[in-house]
Structure formats: C-alpha cells, structure tokens
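Asks: Okay, sequence plus prediction incoming.
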Amino acid sequence: FKEAVAQLKARGAQIVGVEIAERAESVWDFDWHEGETALLLGNEGDGLHDDELAACDRLVYIPQYGAGTASLNVACAASIVLSHFAHAADFQVRGMTGAKFDVGQKPQRTSKRGVAGGLDEAERRRRAGQQAQNDSDEELEFCRQEAAAIHLN
C-alpha cells in the first residue's frame, strides 16, 4: 500500500478517499479537474483505516437523504463516485438501443479461456501445478475429516 501511494504521489496524482468524515467534501461539489486522481475506498465494515486516511490528499462522501442506512456498500459507493468522475471528465456516454446501452466489439481472445494472458508457458505450468497441489491437499484434508467423523459415529 505505501509503495503504491508513493508511486502515485511521485506522478503528481492526488489520492481521494471515499469516506464519511468531517473533512470530506460532497461528491456533488468536488472539483474533479485537478489533475490525475486515484480513488481509495475502504471495506464495507470499517471504511478506510487510519493509515489509509492519512495517505489521502482529500476525501469525498456521498450524500444520503433517507434515514434507512448509515452507509452504502463499497460497490455502490464506487459506482456513484466513478459516475461523477466520468461526468466531470466529459467521458462520452454510450449510445442506447431500446432499453439497453450499445455494447462495443469484444476484443479478440489471445489465450484459452481460464488462462491468464501475458504469462509464459513455464509460469502457466507452475501455477497449474500449484493449483493441482492445493486441490489435492484440500481433498485429502476433507477425506481425513470424513473418515474421522465416520469413526466417531
């Protein structure tokens, strides 16, 4: 985390945390036109931790109007904040056909389904072997637990 923050700040990016806090600005009023921006969202239970808050140059919050919830889950919060960011950045809105947005052309697959792209063959084999070993270890442990349960009964 610290290394990523240092690299982002070295590039001149501002780190904007999404958090309900005293120093946070409303996402509606936030000026997104201040150069490169990296967003930092916390987990749904605790939000941003103290070290994460300290790394943030600024904070935004999403105003809430009903009394039914104290906060949003992180996926909802990210969607709302990214939508505001896209609007401020003048991203082109997708066209619509009927009740759906137009979908772009799918990129051509460069590797088999389920295979991580960009890996050389040796790394693919190493990862596949590790996965097989993990699966075998889990199956063996399951069998041991089942045998112990049968023995106890």
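Replies: Good, I have the coordinates. These numbers come from a predicted model, not from an experiment.

Asks: Quick one: mean pLDDT for stretch 133-149?
Replies: The average pLDDT within stretch 133-149 is 69.

Asks: ugh, typo on my part, it should be stretch 52-68
Replies: On average, stretch 52-68 scores 91.

Asks: Now that stretch: buried residues?
Replies: 52-53, 55-56, 59-62 (16 or more other CB atoms under 10 Å). Where C-beta positions appear, they are placed from N, C-alpha and C, glycine not excepted.

Asks: among these, which two are most distant?
Replies: Across the buried residues of stretch 52-68, no pair lies farther apart than 55 and 62, at 20.2 Å, counting by CB to CB.

Asks: returning to what we had before: keep only those of the buried residues of stretch 52-68 that are in strands.
Replies: Here DSSP state E is the test, and the buried residues of stretch 52-68 give 59-61 as lying in strands.

Asks: From those residues, pick the one nearest residue 92.
Replies: Using CB to CB, residue 60 comes nearest to residue 92 of those, at 23.4 Å.

Asks: was I right about the closest one contacting residue 21?
Replies: No - using CB atoms under 8 Å, residue 60 makes no contact with residue 21, being 9.7 Å away.

Asks: re earlier: in a markdown table: the buried residues of stretch 52-68, plus distance to residue 101.
Replies: Formatted as a markdown table, the buried residues of stretch 52-68 follow (distance: CB to CB, whole Å):
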| residue | distance to residue 101 |
| --- | --- |
| 52 | 33 |
| 53 | 36 |
| 55 | 35 |
| 56 | 32 |
| 59 | 31 |
| 60 | 26 |
| 61 | 28 |
| 62 | 23 |
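
Asks: From those residues, pick the one nearest residue 45.
Replies: Nearest member of the buried residues of stretch 52-68 to residue 45, counting by CB to CB, is residue 52, at 13.8 Å.

Asks: and that closest one, what does it touch?
Replies: The neighbours of residue 52, taking CB atoms under 8 Å, 6 or more residues apart in numbering as the test, are 1, 17, 40, 42.
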